[in-house]
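Colleague: Here is my input; please provide its structure:
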Amino acid sequence: MNYKDLYNEQLNRHYCTARELQYSNIYNYHLSLEELNGFYDFIDNNGETISDLFEKLPLKSFNSKNIYFSKCREFDIQMHTFFDLLKADLEENENYLAIRNMPEVLKSRIYSEVEGTLDIENVPTTRRRFEELVYKDDKPKNVNDRIIKNMANAIEYVLKRPSFTKENLRYLYDLLSKDSLEYEDRLKDEELYRDDKVFVDGYEGCPSNKIEECMDSLFDFVNGNLAKNSVIRFLLPHIAHYYILYIHPYFDYNGRTARMVSLWIYFLINNDSYPPFISDAINQTKGNYYSALSESRNAHNDITYFLLYIFDVSILYFLTYKNIEHIDALLKEKGIVISNTDKDYIKRILVSAKGPFVYTDFTSWNRIQISKQGAFKILNRFTEYGILKEVETTSNKKLFDINKEMIAYEKK
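Modeller: Residues are numbered from 1 along each chain as shown. Model prediction:
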């Protein structure tokens, strides 16, 4: 097995997942599990010497030699596609898409975190409760209320752009987890991180005695690149996101903390050209998110897989927000004004629908608990507006599809 040739094919053609390397006919290799691990070991140990597209990161690892990514053909295409979209958007508008939609993006982060809990309420209720908790300072009454309040406080904190330090990270973690952790999962007052082992989804987190030195490498890496005009600077929020999940510095709330740190670093970069969609995008594409994390972990911390996922959902959500703006403008010309709740419903349809769908698909995508009649009321209204169209079918089920005439932006 010539691992060097295989890596070059990965770089110049398709960056295969482990499953593709084992079972597909893309390269006709059909690697065994032993060969697959041998390939990942080879790249981890020799990547710097065999290709200048191997990008080693100065982050400490506890179970591989490097944390790295490969600037492969797909990475290059995705990155340039995203930046071309940013450029085209600015040419069309006075302000960046991020600036135009930031209030709604930040609210969507909170709704997405609430939707990740077991006790989910429907979106309109969550929106009303958000207003009561954040703007009327109502007291939390349940776990969803606490998540909303804590997330709002955390967002308010990172919006102030505090320095990215271990002490400030502990403060952010306390904001996010306030009154929400089991006793055994809480940190002691003087501790920055957990003091025991943790296992999540079959992976062991960093040994507790190595967490601080690993996290220190993250603080040094981020702060050393905040002002640099480079690809790494653009990737900082996402690299930090992956790394915190990899280290798993806490017993609980690692995912929520990682996503909030991503937003924090986004604001520290102070780059309004690209919107921080990731939390909302992850919530709607969880299967692909967890697959990307697993692929990177299993490939000995080759985060190319995670970064390709980030590019993919960023492009998808960028175009989705552009299409929502387009739909909103078309409807206003007809004297129709759609609410933010309706825009959120439309966003979920645009992201999730891959063809005709039924009303239960709609309720599943939006994680709402409403009657069949309630769902049809919303979908029929969207059909009346021209956003959707009914699809003829021989079954008794009523099918809907997106009206392509209302869509102005599609991924090429």
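Colleague: which stretches of this structure form strands?
Modeller: Along the chain, counting by DSSP state E, strands occupy 54-57, 67-70, 199-200, 203-204, 388-391, 399-402.
Colleague: Asn225: which of these is closest?
Modeller: Counting by C-beta to C-beta, Asn225 lies closest to strand 54-57 out of the strands of the chain; the figure is 10.1 Å. Where you see a C-beta, it was placed from the backbone N, CA and C, and this is true even at glycine.
Colleague: Can you point out the buried residues in the closest one?
Modeller: Applying a neighbour-count criterion of 16 or more other C-beta atoms under 10 Å, the buried positions in strand 54-57 are Phe54, Glu55, Leu57.
Colleague: Return the most buried member of the strands of the chain.
Modeller: Counting by mean count of other C-beta atoms under 10 Å, strand 67-70 has the highest mean neighbour count of the strands of the chain, with a mean of 24.
Colleague: Pull the residues that contact that strand.
Modeller: Under the criterion C-beta atoms under 8 Å, 6 or more residues apart in numbering, residues 10-11, 15, 44, 47, 51, 53-57, 59-61, 75, 243, 246, 301-304, 307 lie in contact with strand 67-70.
Colleague: Which among the residues you listed count as buried?
Modeller: 10-11, 15, 44, 47, 51, 53-55, 57, 59-61, 75, 243, 246, 301-304, 307.
Colleague: So which of the contacts of strand 67-70 are in helices?
Modeller: Assigned to helices by DSSP state H, the following of the contacts of strand 67-70 qualify: Gln10, Leu11, Asp44, Gly47, Phe75, Tyr243, Tyr246, Thr304, Leu307.
Colleague: domains of the chain?
Modeller: Taking automatic domain parsing as the criterion, the chain consists of the domains 3-52, 76-319, 335-406.
Colleague: Quick one: closest of these to Lys412.
Modeller: For the domains of the chain, the distance to Lys412 is smallest for domain 76-319, at 7.5 Å, taking C-beta to C-beta.
Colleague: And that closest one, end to end?
Modeller: Length of domain 76-319, first residue to last, C-alpha to C-alpha, to the nearest Å: 19 Å.
Colleague: Now do that domain: distance to the chain's middle.
Modeller: Distance, stretch centre to chain centre, for domain 76-319: 8 Å (C-alpha atoms, centre = their mean, to the nearest Å).
Colleague: Give me the distance between the most centrally placed residue in the chain and Ser230.
Modeller: Closest residue to the average C-alpha location of the chain: Ile278 at 3.2 Å, with C-alpha atoms, centre = their mean. Going from Ile278 to Ser230 by C-beta to C-beta, to the nearest Å gives 20 Å.
Colleague: From the contact counts, what lies against the helix or strand bottoming out on mean pLDDT in the chain?
Modeller: Here the helix or strand of the chain ranked lowest by mean pLDDT, DSSP states H and E is helix 123-134, holding a mean of 74. Counting by 3 or more C-beta pairs under 8 Å, 6 or more residues apart in numbering; DSSP states H and E, the packing neighbours recorded for helix 123-134 are helix 97-115, helix 143-159, helix 340-352.
Colleague: now the angle from the second one to helix 97-115?
Modeller: The one in question is helix 143-159. 150 degrees (axes from the mean of the first three to the mean of the last three C-alpha atoms, to 10 degrees).
Colleague: What of the last one?
Modeller: Computed with the same axes, to 10 degrees, the direction of helix 340-352 lies at 90 degrees from that of helix 97-115.
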